[in-house]
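Student: Pasted the sequence and its predicted model underneath.
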Amino acid sequence: MTRLTLRHYVLLALCAFLIFLPGRATLPPLDRDEPRYMEASAQMLRSGNFIDVRFQDRPRYLQPAGIYWLEAASVAATGTLRQKAAWAYRIPSLLAVTGAVVLTAWIGAMLFGPASGLLAAGLLAVSVLMTAEGRMATIDTTLLLVVLLAETGLLRAYLDRERDRPTPLSAALLYWTALGAGLMLKGPVVLIPGFGTPLALALVERRTEWWRRLRPSWGWALMLAIVLPWCIAIGIVSHGDFFSRAVGTNFLGKVASGQQAHGLPPGYHLAVFAIAFWPGSIFAAMALPFVWTRRRLPSVRFLLCWIVPHWLVFEAIATKLPHYVLPTYPAIALLTAAAIMTMPDRWSWPASRWGRGVLAAYGTLWFAVGVVLCLAGPALLWRLEHVIDPAALIVPAGALPLMGVALWLLLRGEALRAVMSAIAAAVIIHVGLFLTVIPKLQTIWLSPRLAALVDDYRPCPDTVVASPSFSEPSLVFLVGQNTALVGPVAAADLLRDNRACGLALVDRRDEPAFRARLRQNGLDAVEFGRVAGLNYSTGKRLDIGLFAPSSP
């Protein structure tokens with residue numbers, strides 16, 4: 001194959017689409033971030049207010065409105081607002097992850113050849129972090145696509161300098177438009193890779209003349225023109241509160257201190273890389289000698305300047321979550337694929353004893369992660385549901401042999417065949433888990449079962465539901481905006497004030513306080529049903545009853 005044609009890219013897009021499709025409709029809203037995005041987008045549609053983003057009656061001033069516009073548009077286009085269908089809110093992430101895989105292949109084909117491009121796309125598509133983020137209605141895969149578009153514009157200008165040819169206007173338009181779209185999605189976060197890459201190249205090369213190929217004299221104005229109208233509008237509506245919260249509290253606050261119990265030391269992202277980039281993590285480790293010896297090649301240098309600034313920034317800030325470094329994964333996949341395609345048929349282990357020991361230890365960890373993922377589905381069904389599902393056993397039956405083959409090929413030094421076997425195992429694992437396991441884990445899906453119970457006994461269209469024992473955002477999305485996440489005493493007061501249209505969801509541990517307050521209010525409670533299960537966000541077992549007020 002000498003080049004990738006349109007047919008190849010269409011087939012790759014179809015494959016990526018099909019890999020990320022399973023689980024999109026059957027997976028309930030995943031606490032805690034995803035249902036907050038969903039509910040805020042739904043409220044945007046119901047209220048008609050597309051400027052001031054809110055979750056219930058509270059402003060959601062974390063980032064601009066771009067992602068909510070995309071989700072609201074997909075829900076409006078599918079007509080699923082009343083049905084509360086989670087899959088409709090996940091359409092932007094599905095399209096974004098498909099586009100990111102295709103664009104990674106295109107960049108790889110341009111830098112290292114078509115085979116490297118396809119292999120890099122495969123490594124990115126089946127990585128654990130991409131598999132998780134690509135199925136949720138959150139911001140991360142759409143931000144990833146925007147970063148890829150910006151890096152594509154940068155790369156075109158950079159390579160045109162190397163080849164001494166003019167850079168088309170389209171490259172500059174792509175770069176600055178992508179940065180503007182990124183600002184509308186995540187605010188200044190997009191500037192870390194967007195400006196970090198050219199700044200790193202300038203420091204390494206000590207030359208910046210190629211930067212003028214991107215027309216910065218007017219490009220910054222195009223970038224700001226995309227985000228400024230909304231910024232002005234939200235500044236007026238919120239009286240400046242959006243900027244103090246989004247920039248001062250959310251963005252700068254994460255730099256100084258770990259928010260939401262996510263404060264971790266530097267090195268966290270490197271430590272979780274073995275899992276987050278699995279199955280490509282061992283091959284990325286094997287690629288390090290290739291990267292080091294070829295670090296001065298323009299293609300390798302560009303990718304390193306894409307990865308290193310972004311990675312260092314997010315290792316340095318106090319708040320850490322695995323998806324913060326997701327924008328570097330396409331570049332890592334590209335370098336890994338290029339290294340594998342240049343390895344001889346019989347790849348040799350490091351010459352030094354310590355190098356062999358380190359790589360062997362990392363390989364052992366990599367294989368252990370693969371085995372755990374292979375067995376996770378049947379193990380979870382047995383542990384949580386106490387069932388052995390024949391369909392779920394297909395995953396280890398298909399993936400474990402492929403993992404064994406991948407390990408055997410690695411030990412033989414056949415890296416290319418090993419990575420193909422590992423990718424095949426990953427596809428079976430990911431697709432199998434979302435098709436045969438996750439929909440059947442009823443114990444952890446409390447919100448859908450509680451919402452169904454409420455719907456069975458809802459006395460009024462605008463029923464107010466108090467939930468003192470289970471306060472996850474998914475419940476708000478599925479039950480309705482009128483869900484009150486309050487304590488047991490406040491829940492009893494809410495029933496007192498809403499005798500005709502009030503319900504309460506109360507765990508057994510909170511029932512004594514709830515019933516005592518009801519008696520003080522001159523009321524009793526009638527129980528309609530119960531739902532028991534595990535709140536996976538807190539690890540607590542719950543036994544929740546649905547109550548309505550009644551006369552004693």
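Tutor: Okay, I see it.

Student: Low-confidence ranges, this structure, go.
Tutor: 1, 248-263, 552 (pLDDT under 70).

Student: the domain parsing of it - what is it?
Tutor: What automatic domain parsing lists as the domains of the chain is 6-249+271-342, 353-442, 445-550.

Student: Do me a favour and get the end-to-end distance for the second one?
Tutor: End-to-end distance for domain 353-442: 49 Å, by CA to CA, to the nearest Å.

Student: okay but L27 is in contact with P439, surely?
Tutor: Yes: the criterion here is CB atoms under 8 Å, and L27 meets it with P439 at 7.4 Å. Quick note: C-beta positions are derived from backbone N, CA and C, even for glycine.

Student: ok, then the element right after the helix or strand hosting W106?
Tutor: Assigning secondary structure by DSSP states H and E places W106 in helix 91-112. Sequence-wise, the next helix or strand downstream of helix 91-112 (DSSP H and E) is helix 114-126.

Student: For that following helix, list the C-alpha coordinates in PDB.
Tutor: Taking only C-alpha atoms (Å, rounded to 0.1, in the frame of the first residue of the first chain), the coordinates of helix 114-126 have been written out as PDB:
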ATOM      1  CA  PRO A 114       0.000   4.400   5.400                       C
ATOM      2  CA  ALA A 115       0.800   1.300   7.500                       C
ATOM      3  CA  SER A 116       2.000   3.300  10.400                       C
ATOM      4  CA  GLY A 117      -1.100   5.600  10.200                       C
ATOM      5  CA  LEU A 118      -3.500   2.700  10.300                       C
ATOM      6  CA  LEU A 119      -1.600   1.000  13.200                       C
ATOM      7  CA  ALA A 120      -1.600   4.300  15.200                       C
ATOM      8  CA  ALA A 121      -5.300   4.700  14.600                       C
ATOM      9  CA  GLY A 122      -5.900   1.100  15.900                       C
ATOM     10  CA  LEU A 123      -3.700   1.700  19.000                       C
ATOM     11  CA  LEU A 124      -5.600   4.900  19.800                       C
ATOM     12  CA  ALA A 125      -9.100   3.400  19.100                       C
ATOM     13  CA  VAL A 126      -8.600   0.400  21.500                       C
END
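
Student: Would you point out which residue is most central in this structure?
Tutor: E133 (2.5 Å; CA atoms, centre = their mean).

Student: What sits closest to it if chain neighbours are left out?
Tutor: D140 (4.6 Å; CB to CB, 6 or more residues apart in numbering).

Student: now swap in T463 and tell me
Tutor: C501 is the one closest to T463 (CB to CB, 6+ apart), at 5.0 Å.

Student: For that neighbour, grab the count of nearby residues.
Tutor: Neighbours of C501 under the rule other CB atoms under 10 Å: 16.

Student: OK, contacts around it?
Tutor: Contacts for C501 (CB atoms under 8 Å, 6 or more residues apart in numbering) come out as P459, C460, D462, T463, V464.

Student: Distance of it relative to V369?
Tutor: Per CB to CB, to the nearest Å, C501 is found 50 Å from V369.

Student: Pull out the buried positions in stretch 311-324.
Tutor: Within stretch 311-324, the residues that count as buried by 16 or more other CB atoms under 10 Å are W311, V313, F314, E315, I317, A318, T319, K320, L321, P322, H323, Y324.

Student: end-to-end on that stretch?
Tutor: Separation of the first and last residues of stretch 311-324 by CA to CA is 9 Å.
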